[in-house]
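Participant: my questions are about this predicted structure, shown below with the sequence.
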Amino acid sequence: MNDPQYYLKPQGKDSYKLCCGGNNCPQVTRLDSDTVEIQDDDGNKVTIKNGQAKLIADAVKSLEDNKNELLLG
């Protein structure tokens with residue numbers, strides 16, 4: 001099964017939706033210079049530091065590759 005085409009859709013100066021063409025899209029919003037909020041499709045929110053958010057793509061790739069290793073950001 002192929003993944004849909006994902007893209008970033010600006011939502012003003014400090015926010016992006018992570019879109020795939022569906023109705024509900026996760027959203028990433030900058031709260032301040034060191035913190036972002038991620039809201040999922042259901043409206044649940046998590047607030048994390050920028051450094052942690054930058055590691056998300058690496059974590060997903062490691063999960064896809066079935067790696068279990070320490071990654072440094």
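Facilitator: Received the coordinates, thanks. Since the model is a prediction, treat every value here as computed from it, not as a measurement.
Participant: ok, which stretches of this protein are strands?
Facilitator: 7-10, 15-19, 27-32, 35-39, 45-49 (DSSP state E).
Participant: sheet-wise, list the partners of the third one with their directions.
Facilitator: Partners of strand 27-32 in the sheet, by DSSP bridges, are strand 15-19 (antiparallel), strand 35-39 (antiparallel).
Participant: could the ones you listed go into TSV alongside mean pLDDT?
Facilitator: As requested, the strands paired with strand 27-32 are arranged in TSV below (pLDDT from 0 to 100):
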stretch	mean pLDDT
strand 15-19	95
strand 35-39	98
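Participant: measure P4 to C19 for me?
Facilitator: When distance is defined by C-beta to C-beta, to the nearest Å, P4 is 9 Å away from C19. (C-beta placed from N, C-alpha, C; glycine too.)
Participant: of these two, which one has the most company?
Facilitator: When P4 and C19 are compared for neighbours, C19 comes out ahead with 16 against 9, by other C-beta atoms under 10 Å.
Participant: about what we covered before: out of the strands of the chain, the one nearest K67 is which?
Facilitator: For those, proximity to K67 was assessed by C-beta to C-beta; strand 45-49 is nearest, at 21.7 Å.
Participant: now do the same contact list for the closest residue to A53 other than its chain neighbours.
Facilitator: Excluding its sequence neighbours, the residue lying closest to A53 (C-beta to C-beta, 6 or more residues apart in numbering) is V36, at 5.0 Å. Shown in contact with V36 (C-beta atoms under 8 Å, 6 or more residues apart in numbering): 28-30, 47-50, 53.
Participant: likewise K17?
Facilitator: Taking C-beta under 8 Å, 6+ apart as the test, what K17 contacts is 8-9, 11, 25-27.
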